[in-house]
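Student: Provide a 3D model corresponding to the input given below.
(2 chains)
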Number of protein chains: 2
Amino acid sequence: MIRTLVKDALAAAAPIDALLLQGWVRTRRDAKGFSFIELNDGSGLKGIQIIAPATLPNYATEIARAHTGAALEVRGRLVASQGQGQKWEVVADAITVVGEADATYPLQKKGHTLEFLREIAHLRPRSNLFGAVFRVRSRLAYAIHQFFQQKGFVYVQTPIITASDCEGAGELFRVTTLDPVRPPLAAEGGADFQQDFFGRKAYLTVSGQLEAEIFACALSNVYTFGPTFRAENSNTSRHAAEFWMIEPEMAFCDLRGNMDLAEEFVKHLVRDAREHCAADLEFFGRLVDKELSARLDFVLERPFQRCPYTEAIEILGRAGRSWEHPVQWGENLQSEHERYLAEEHFKCPVTVFDYPRQLKPFYMRVNDDGRTVRAMDLLVPGIGEIIGGSQREERLAVLRENMAQHQLSEKDYWWYLDLRRYGTVPHAGFGLGFERLLMFVTGVGNIRDVIPFARTPGSAEF
Amino acid sequence: MIRTLVKDALAAAAPIDALLLQGWVRTRRDAKGFSFIELNDGSGLKGIQIIAPATLPNYATEIARAHTGAALEVRGRLVASQGQGQKWEVVADAITVVGEADATYPLQKKGHTLEFLREIAHLRPRSNLFGAVFRVRSRLAYAIHQFFQQKGFVYVQTPIITASDCEGAGELFRVTTLDPVRPPLAAEGGADFQQDFFGRKAYLTVSGQLEAEIFACALSNVYTFGPTFRAENSNTSRHAAEFWMIEPEMAFCDLRGNMDLAEEFVKHLVRDAREHCAADLEFFGRLVDKELSARLDFVLERPFQRCPYTEAIEILGRAGRSWEHPVQWGENLQSEHERYLAEEHFKCPVTVFDYPRQLKPFYMRVNDDGRTVRAMDLLVPGIGEIIGGSQREERLAVLRENMAQHQLSEKDYWWYLDLRRYGTVPHAGFGLGFERLLMFVTGVGNIRDVIPFARTPGSAEF
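Tutor: Sure thing, here's the model as predicted:
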C-alpha cells in the first residue's frame, strides 16, 4: 500500500476505506478502550488524530507505551471525526511502532526556549515552529525560481570560491589547503599562496554580482541564487556568516526597470507565501508576531513609493524627531530612518534612490550631478531595507575613474573592464538576502531560526 | 516601447508593425543599399536577421562600422523573410549602437578552441556553444526543483561551512580567518582553532546528506541542491573542486523506493531537456556529440534494469573480455565495467545494488548477509555511474558498530546517532552530481565547460 501524507489525508474529499500513514507521535492520550494519538509527518503544520482501539494485539505492549517522538506506521480508515477541531480522523486497524523514543527525548514537553532549540537543531525541525519555518523557506525558494524562470531569466550558479572581493569589503573567509602552522613561505615573506590549491589566495564569495554581470552581458536577463559569506565578528540577531542571496541582473535595463522588478518581486513572494503557506503563516501570526498579517497586507495592498535620497534627507530633517543617528546628506540611512519613511511618512513600501556617491561601491553608475549614483534600496515596514541594488557603470572611462578612487587595481578586474570594452550596455540588478525575506514573511526575529544550521562566530555545529 | 526578446520575435505568429530588439551583433554583411545583421540577445540559440537600409541617417557613420560584439538597439518591423533558413526578419527603422566592440574583440572569428574559450570565460557565454550550455544548465536546475516540489519534497539548504566530514573522506578545503603564517598556537602544539572564526576547525562541505537525514526524519521527504567541494589535486576532465549536488532523502523509504525515485528522476530530467531545450540539444547533437540523441533516447525509451553487485561481478567474469581493471568480488566497478553492463550486456540503464560492505561508508544499511550493504549506483551509457545512493543504517547498535569499524568518533556524530535514538525510521536517499548530468545531457566532454567559472587545481580566475 502506498503511503498517504497527513496533509493529503486531512484534505480528503470523502472517507477512505484503507490508507497507510507514517509519521511521528506528537501526543498520546489514553481513554477507556482506546488511545488518541496525534500523528505528524512534517507534510503540514497539523497532525491527524489516530484512534487506536485497545483491541489491537500490540496495544498494551507497544502502542500504549509509544512516547512523543516515536515513529509509527498506521493502517486504518479515514472517517469523519466525532471530535471538535478536525474534519477527519483515522481509526487504526494496525499500528506498528517503527522506532521508539524514550523519556529522554528532548522535545517531550512544550515551551522550550528558542536558545535551547538551537542547541538541538537536529531535532527542532520536528517542532511546530521550525517545521513551519522550513516549509516556508522551501516554498519561497521555489517561488523565487518560478518568478524568474517564467520571465525567461537564466539561472547562473556563480562561483563560491573566488579570488576577487566584490566590494573591496574585506571581511572574507580564506579557503586553503596549506598547512595552518607551517605554510610554504614566499621569497618576499608571508605564505606562498602560489603553492595553495588554486595557486593564489582564495576566499568565499560575498556576492555573485560581478559574475552575474558577465552573464547578463551575454544572455540578457539572469539571476543567481546561492550561498554568500561574511566573516564579520558580530553576534546580532540579523547577521550570519553564511546566508543565501538572490541577485538578478538585466542587460539593457536602467534604474527604473530595476525598481519595477524589485517591487514586483517582493509582492510576488509575499503573495506566494500567503497562497501556498496559509496554515504556517496563520501559525506565525498567532504565536510569533501578532503584527505579521497586517505587515504583509501593507506590502501587498499599498502602492510602492519612490523617493530620491536627497528628498528623503529633507523629509527626515523636517520630521521633528530626535534621531539616535544624525540625519545629514552624505550619511547612510539607519534603520530608524528607513522605518520612519516607510511606516510613518509614506505609509507604504518605498524605494529610496540616487544615493551619495561616496557611500557606495565602485560599480554603481554615476549620475550627471557627479555626486550621486544610481543606487536604490527598497524599504518595508518592520525591518527597513530588504533589497539593495543599482544601475551599473557601463562607461569604461567612468568605471576606471571610480576604480582609481576606490584604489582598486585594474589588473584584478581586467575581465570586468572587458565587459565595458566590448558591446557595453546599460545594465542593472539588485540583491535580496533570502534570510531577511524569511524573517519578514514569518515574523521570526532571529536569523539563526530561519537557517537550517546557522553559522555564526564561534558556532558551526551539525 | 517594451523590449521583445529575439526568441519571442522568432516565434511570432504574425508580422509585427513595430518592435524593439536589443542585443549583440554576431555577424554583419554589407550589400548594395543595405546591411544584413545577425542580432543575438542570448534568449535562444538562433539570432534574428536585421535588414539595415543604407538610408538610415547613421548608416555610414555607425551601422556599417558596427563589429561583431557591438551592442545594438533596433526598432523596426517584423516581416516574413525573403531569405532561406528563417521565417522572420526585421526591417530596421532605426538602429542605435549602444556599445561598440573594436577589432580586438576576442570572439570575432569562429573556431576557437575550448581551451582558449576557458581563458575568456567572461566572454564565452556569448558564443553559441556556451549560450546553449548555460541555458540548459538553468532549465535543468529549474526542472530539478519542479520535480521535487511537485512531489511535496521540502528543499533544505544544508550548510556549506561545516565542522564534520560526511564520509571521513579527507580531501577538504579549510575555511579560516586565522593568520596564514602566524596563527595563534595551542598549548599542545599546532594552530589554536578555538581562536578561529567558528571556534573550531571548519571545512567546506563534501555533501549535505547527513543534514538532509535530519530533515527527512522531521519532514519526511526532502532534497538539497547546493555547492559541494573536493580538494582533490586531480586535473581530469571529470573533476572540479566546486560542483553542485542534488541529494533527496526520504523517511519511511527503503532501497527499492530509492531506486524508483532515482530512475524516475533521471528520465524526467532528460525528457524535460528534450522538451524545453530542443534547439540547444539539436545544436549539441550536430556539433558536439553525434551520438547524443541516441543516448538520450536510450534512457527515455528502455526499461531500467536492476542487478545485484554479486550478479554483476558474475556477468563481467563471463563476458570473455580482458579488462584493464580485474573483475573480482570486493573490488569497485570501474567505468569500463559499468559501461559494459549498461551498453552491452543489459542494453539499457541499469541500477547495481547491494555492494560489498567494505567498499562503502559507515552510514549504509547492512544486509542480513553481513557482507553487503544497501547501496545502489545508477549506470547510464556513455558515462557509467550518474547516481549513487543507499538506504541508511537506521539501527543504533549496527550504526555504532559501523562507526567503530570506520574509526569514527561517536562524539563527533552525537546528533546523527540521536536520529536513531528517537523515532528512528528506515530512510534512503541518493546524490546526483549536477555537472555530470549536464555532461550527459549536452555531450560536452569536459566538466570545465558546463560550469560558469570552474574551480580546479591552480585556477580560480573570475
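
Student: for the closest residue to residue A:412 other than its chain neighbours, helix, strand, or coil?
Tutor: With CB to CB, 6 or more residues apart in numbering or on different chains as the criterion, residue A:412 has its nearest non-adjacent residue at 6.2 Å, and that residue is residue A:164. Just so you know, the C-beta spots here come from the backbone N, C-alpha and C atoms, and that holds for glycine as well. Secondary structure, DSSP: H, G, I helix; E, B strand; the rest coil: residue A:164 is coil.

Student: what's the burial count for residue A:164?
Tutor: Other residues near residue A:164 number 20, with proximity taken as other CB atoms under 10 Å in any protein chain shown.

Student: show me what contacts it?
Tutor: A:210, A:412, A:413, B:462 (CB atoms under 8 Å, 6 or more residues apart in numbering or on different chains).

Student: mind putting those into TSV with neighbour count, secondary structure and distance to residue A:106?
Tutor: Shown next, in TSV, are these (neighbours: other CB atoms under 10 Å in any protein chain shown; DSSP: H, G, I helix; E, B strand; the rest coil; distance: CB to CB, whole Å):
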residue	neighbour count	secondary structure	distance to residue A:106
A:210	23	helix	45
A:412	13	coil	50
A:413	18	coil	51
B:462	21	coil	46
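
Student: in which helix or strand would I find residue A:94?
Tutor: Applying DSSP states H and E as the criterion places residue A:94 in strand A:88-99.

Student: show me what counts as buried in that strand.
Tutor: Neighbour-count burial for strand A:88-99 flags A:88, A:89, A:90, A:92, A:95, A:97, A:98, A:99 (criterion: 16 or more other CB atoms under 10 Å in any protein chain shown).

Student: likewise for stretch A:24-35?
Tutor: For stretch A:24-35, the neighbour count (16+ other CB under 10 Å) marks A:24, A:25, A:26, A:28, A:34, A:35 as buried.

Student: got the CA positions of that stretch in PDB?
Tutor: Extracted C-alpha coordinates of stretch A:24-35, given in PDB (Å, rounded to 0.1, in the frame of the first residue of the first chain):
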ATOM      1  CA  TRP A  24       5.800  10.500  14.500                       C
ATOM      2  CA  VAL A  25       3.800  10.700  17.700                       C
ATOM      3  CA  ARG A  26       3.200  14.300  18.900                       C
ATOM      4  CA  THR A  27       0.900  13.400  21.700                       C
ATOM      5  CA  ARG A  28      -0.800  10.300  23.100                       C
ATOM      6  CA  ARG A  29      -3.800  10.300  25.300                       C
ATOM      7  CA  ASP A  30      -5.300   7.100  26.700                       C
ATOM      8  CA  ALA A  31      -9.000   6.700  27.300                       C
ATOM      9  CA  LYS A  32     -11.100   3.700  28.300                       C
ATOM     10  CA  GLY A  33     -10.800   1.200  25.400                       C
ATOM     11  CA  PHE A  34      -8.600   3.200  23.100                       C
ATOM     12  CA  SER A  35      -5.900   5.800  22.800                       C
END
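
Student: for the longest strand seen in chain A, what is the distance to the chain centroid?
Tutor: Under DSSP state E, the strand in chain A containing the largest number of residues is strand A:16-31. Centre-to-centre, strand A:16-31 and its host chain are 33 Å apart (CA atoms, centre = their mean, to the nearest Å).

Student: who are the packing partners of whichever helix or strand comes after that strand?
Tutor: Later in the chain than strand A:16-31, the nearest helix or strand by DSSP H and E is strand A:34-40. In this structure, strand A:34-40 makes packing contacts with strand A:16-31, strand A:48-53, strand A:71-80, judged by 3 or more CB pairs under 8 Å, 6 or more residues apart in numbering or on different chains; DSSP states H and E.

Student: list the neighbouring strands of strand A:34-40 plus their orientation.
Tutor: Here strand A:34-40 is paired, per DSSP bridges, with strand A:16-31 (antiparallel), strand A:48-53 (antiparallel).

Student: what comes into contact with it?
Tutor: So strand A:34-40 is in contact with A:6, A:21, A:23-30, A:46-54, A:59, A:63-64, A:66, A:72, A:74, A:90, A:126, A:131, going by CB under 8 Å, 6+ apart.

Student: what residues sit buried inside that strand?
Tutor: Quick answer for strand A:34-40 (16+ other CB under 10 Å): A:34, A:35, A:37, A:38, A:39, A:40.

Student: next: stretch A:13-22.
Tutor: For stretch A:13-22, the neighbour count (16+ other CB under 10 Å) marks A:16, A:19, A:21, A:22 as buried.

Student: what's the answer for stretch A:42-55, then?
Tutor: By neighbour count with 16+ other CB under 10 Å, stretch A:42-55 contains the buried residues A:42, A:43, A:44, A:45, A:46, A:47, A:48, A:49, A:50, A:51, A:52.

Student: average model confidence for that stretch?
Tutor: For stretch A:42-55, mean pLDDT is 97.

Student: just the terminal-to-terminal distance for it.
Tutor: Length of stretch A:42-55, first residue to last, CA to CA, to the nearest Å: 29 Å.

Student: chain B contacts on the stretch 201-350 of chain A?
Tutor: A:202, A:204, A:211, A:214-215, A:217-220, A:226-227, A:229, A:231, A:233, A:241-242, A:244, A:251-252 (CB under 8 Å from any CB of the partner chain).

Student: low-confidence bits of chain A, can you list those?
Tutor: Low-confidence segments of chain A, defined by pLDDT under 70: A:109, A:165-170.

Student: which parts of it are helices?
Tutor: For chain A, the helices defined by DSSP state H occupy A:6-10, A:114-119, A:128-150, A:209-219, A:255-276, A:278-287, A:292-301, A:309-317, A:335-339, A:396-405, A:414-421, A:434-442.

Student: ranking those by burial, who's on top?
Tutor: Counting by mean count of other CB atoms under 10 Å in any protein chain shown, helix A:209-219 has the highest mean neighbour count of the helices of chain A, with a mean of 26.

Student: please identify the buried residues of stretch A:67-82?
Tutor: Buried, per 16+ other CB under 10 Å, within stretch A:67-82: A:67, A:68, A:69, A:70, A:71, A:72, A:73, A:74, A:76, A:78.

Student: distance of the first one from chain B?
Tutor: As judged by CB to the nearest CB, to the nearest Å, residue A:67 and chain B stand 9 Å apart.

Student: pretty sure that residue sits against residue A:105.
Tutor: Yes. Contact status for residue A:67 versus residue A:105: in contact at 6.4 Å, counting by CB atoms under 8 Å.

Student: identify the contacts common to the two.
Tutor: Taking CB under 8 Å, 6+ apart as the criterion, residue A:67 and residue A:105 do not both touch any residue.

Student: and stretch A:415-425, anywhere near chain B?
Tutor: Yes. Applying CB under 8 Å from any CB, one finds stretch A:415-425 in contact with chain B at A:415, A:416, A:418, A:419, A:420, A:421, A:422, A:423, A:424, A:425.

Student: I'd say the last one and residue A:217 touch.
Tutor: Yes. Taking CB under 8 Å as the contact criterion, residue A:425 and residue A:217 are neighbours in contact, 6.6 Å apart.

Student: any residues in contact with both of the two?
Tutor: Residues within reach of residue A:425 and of residue A:217 at once, by CB under 8 Å, 6+ apart, are residue A:251.

Student: quick check: closest non-adjacent residue to residue A:92.
Tutor: Sequence neighbours aside, residue A:76 is the residue nearest to residue A:92 in space, at 4.1 Å (criterion: CB to CB, 6+ apart).

Student: distance of the one you found from residue B:244?
Tutor: If you measure residue A:76 against residue B:244 using CB to CB, to the nearest Å, the figure is 42 Å.

Student: just send the buried residues of stretch A:42-55 back as a markdown table, with distance to residue A:443 too.
Tutor: Output for the buried residues of stretch A:42-55, formatted as a markdown table (distance: CB to CB, whole Å):
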| residue | distance to residue A:443 |
| --- | --- |
| A:42 | 21 |
| A:43 | 22 |
| A:44 | 19 |
| A:45 | 15 |
| A:46 | 19 |
| A:47 | 23 |
| A:48 | 27 |
| A:49 | 28 |
| A:50 | 32 |
| A:51 | 35 |
| A:52 | 36 |
